[in-house]
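>>> sequence and predicted model, in that order:
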Amino acid sequence: MSYLFYPILPAPGSFNPQRVASTLLWRSSNELSQNCQVSQDLTTLTLLAGVSIVAQGRYDLRMPFGAIKPTSINVLGVAGSGEGKSPLFDKVLHPIQEEQRRQRKEWRKQLDTYQGELEEWRTEEKVLTQSIYRKRTKGGTAERERQLLQELHQRRPQLPREFRLLYDDTSPEALFSGLDKRVPSAALATDEAELFFKGPMNRARSHINSLWSGGSTIITRATKEDIALDDVRLMLLLMVQPGILDNYIEAQGRQARDSGMLARFLVCAPLPTRGQRLHSQQSSSTWDAWEQAEVRLTTLMRENLILTNEPDTPREVLEFTPEGAACWIQMANEIEQQMRPGGCFEACPDHGSKLAENVARVAALIHLLEEYDGGITQETVLMAMDISLYYSGHFMQVFMPPPQEEQDAQRLNEWFNELRQFGWRIIRYNEVRQRGPRPLRDKKRLKAALDVLLNHQQVAVFTLNRTRHIDIAPWLGPQNPSIY
């Protein structure tokens, strides 16, 4: 099927689940949502982040224009306390954490062996060094000892690499040193990202951006050797409460967006589920799809074990089918056009410029999770496009919120909707100030919110017997007001 004659790009924030309904990604994230009682918006994106963690070290992606890119995605989940971030986080990352614990035990054994071998090596080095010194003080050349010492230095025991993919509360130096000395693939993953946004890790934005793009970076240190990172992989999985993120954006000002780090994120800010998570003795939890996904995550994760002994192992490069590449190119061109004046990405070109590449990376992750054969197909690209554009709506919701009066108007109209359900039509203006949403009991904010609703013909304001009233259903036509 050709997509050359009509647009394929959905509106940011819209989503039709039919295209992905049969995938393991959708079925397993649905089970996670139901059994952990977390929004499926958050479970789907968190699962994709889990796939990225275990795939980025062993797979790259050839873009339709030829460039080789990582399969890394950065994920930001914005949800309040009690929304299930931690249980979901632990569930998705459990296979990785368990393997890390097993490998850490083996690494400690190897470390003990290394310490013994290193002591023997130092003893042998000391003997040869002293022998060279004695011969030279007596006028000799000690050529034989010098040759043995050179050969000894080539046989110096190597510190065993620890298998570690996950970092939580860490400094930039510790993280980048881990990428250099441990496994050259890692995830900075935390369900309490306050430390990231308030700590020194946030100041390493330029290095994080370089690694997301697949480039190299050098971390310069004043008193230690520089850390040069070439061809390593790093992704971020951050869960944060809305207030903490708001404070960060307010404190950083334009720097929060100008660095380009936030533009690279896929963002999920689901609606609160508190008050809707009801238990029942009749309901039974099934984990069939999740167990399949967990097995696949474990398989992909174990492919990284080779990196502890052979960190330079080449990655497998995923490619698009010709139809998949053509579909991606059309989608990327449509995104570019939407950055023009009047387009949906006009106000956020930083986000729009990274969105097409994020679609390609998500397509690669779906391809790996589903174990599809061959290249990345057109259908997989369309799945990734639908998912990424849906979360693009979340990005705009978080980083490009509407003006305060529009947010207040939406909140006020939701409260009016509750009244409308019970047949209310007319309410005194002062009653809204007394009983309405608490932030809108402020006179100025209430007036601004009502002005927005008036412009959208959602309400009408009139005076009766010197008392102001609000008609919350003016589209029903004139009626004799009933005062509540």
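Alright, I've got the coordinates.
>>> quick check: mean pLDDT of the lengthiest strand in the chain?
Longest strand in the chain by number of residues (criterion: DSSP state E): strand 233-240. Mean pLDDT, strand 233-240: 96.
>>> that strand packs against which elements?
helix 40-55, strand 74-78, helix 85-137, strand 185-190, helix 194-198, helix 205-212 (3 or more CB pairs under 8 Å, 6 or more residues apart in numbering; DSSP states H and E). Heads up, the C-betas are built off the backbone N, CA and C, glycines and all.
>>> do a quick rundown of the strands in the stretch 151-300 of the chain.
Taking DSSP state E, counting those that start in this stretch as the test, the strands found in the stretch 151-300 of the chain are 166-167, 185-190, 217-219, 227-229, 233-240, 265-268.
>>> try the stretch 301-450 of the chain
Using DSSP E, counting those that start in this stretch, strands in the stretch 301-450 of the chain cover 316-318, 426-428.
>>> how many other residues sit next to the residue lying closest to Pro70 once chain neighbours are set aside?
If the residues on either side of it in the chain are set aside, Pro70 comes closest to Gly214, at 4.8 Å by CB to CB, 6 or more residues apart in numbering. Counted with other CB atoms under 10 Å, the neighbours of Gly214 add up to 17.
>>> ok, Gly214 - contacts?
Asp60, Ile68, Lys69, Pro70 (CB atoms under 8 Å, 6 or more residues apart in numbering).
>>> what would those look like in a markdown table with distance to Gly393 and pLDDT?
Listed next are the contacts of Gly214 as a markdown table, based on distance: CB to CB, whole Å; pLDDT from 0 to 100:
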| residue | distance to Gly393 | pLDDT |
| --- | --- | --- |
| Asp60 | 29 | 98 |
| Ile68 | 30 | 97 |
| Lys69 | 24 | 97 |
| Pro70 | 25 | 98 |
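>>> ok, and the most crowded of the residues you listed?
Of the contacts of Gly214, with other CB under 10 Å as the count, Pro70 tops at 27 neighbours.
>>> so what does that residue look like in phi/psi?
Backbone torsions of Pro70, given as degrees, to the nearest 10, read phi -70, psi 160.
>>> report pLDDT for Phe5.
At Phe5, pLDDT is 57.
>>> ugh, wrong one, Glu336
Looking at Glu336, the pLDDT reads 96.
>>> and what of Leu149?
89.
>>> let's number from 813 now, not from 1
That works, and once the first residue is 813, the last one we named lands at Leu961.
>>> quick check: which element contains it?
helix 955-966 (DSSP states H and E).
>>> and that helix, how far from the chain's centre?
51 Å (CA atoms, centre = their mean, to the nearest Å).
>>> buried sites along the lowest-mean-pLDDT helix or strand in the chain?
The weakest-scoring helix or strand in the chain, judged by mean pLDDT, DSSP states H and E, is helix 1067-1070 (a mean of 75). For helix 1067-1070, burial by neighbour count (16 or more other CB atoms under 10 Å) applies to Ala1068, Arg1069.
>>> C-alpha coordinates for it, CSV please?
Taking C-alpha atoms only, helix 1067-1070 is exported to CSV below (Å, rounded to 0.1, in the frame of the first residue of the first chain):
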residue,chain,number,x,y,z
GLN,A,1067,17.8,26.8,29.9
ALA,A,1068,15.5,23.9,30.7
ARG,A,1069,14.6,23.7,26.9
ASP,A,1070,17.5,25.5,25.3
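>>> what does that helix contact?
Tyr1060, Ile1061, Leu1074, Ala1075, Asp1162, Phe1211.
>>> pull the most distant pair out of the residues you listed.
Pairwise distances among these were taken by CB to CB; the largest, 16.7 Å, belongs to Tyr1060 and Asp1162.
>>> middle-most residue in this structure, spatially?
A centroid search over the chain (CA atoms, centre = their mean) returns Val887, at 0.6 Å, as the residue closest to the centre.
>>> quick check: that one touching Arg1076?
No: counting by CB atoms under 8 Å, Val887 sits too far from Arg1076 to count as a contact (10.3 Å).
>>> where's Ala1075 relative to Gln1246, distance?
From Ala1075 across to Gln1246, the span is 44 Å (CB to CB, to the nearest Å).
>>> looking at these two, which is more packed in?
More crowded of Ala1075 and Gln1246, by other CB under 10 Å: Ala1075, with 21 against 9.
>>> for that one, what are its contacts?
Ala1075 neighbours (CB under 8 Å, 6+ apart): Arg1069, Cys1160, Asp1162, His1163, Ser1165, Lys1166.
>>> how much space between it and Arg914?
Taken as CB to CB, the span from Ala1075 to Arg914 is 37 Å.
>>> now, which of the contacts of Gly1026 sits nearest Met1143?
Lys881 (15.8 Å).
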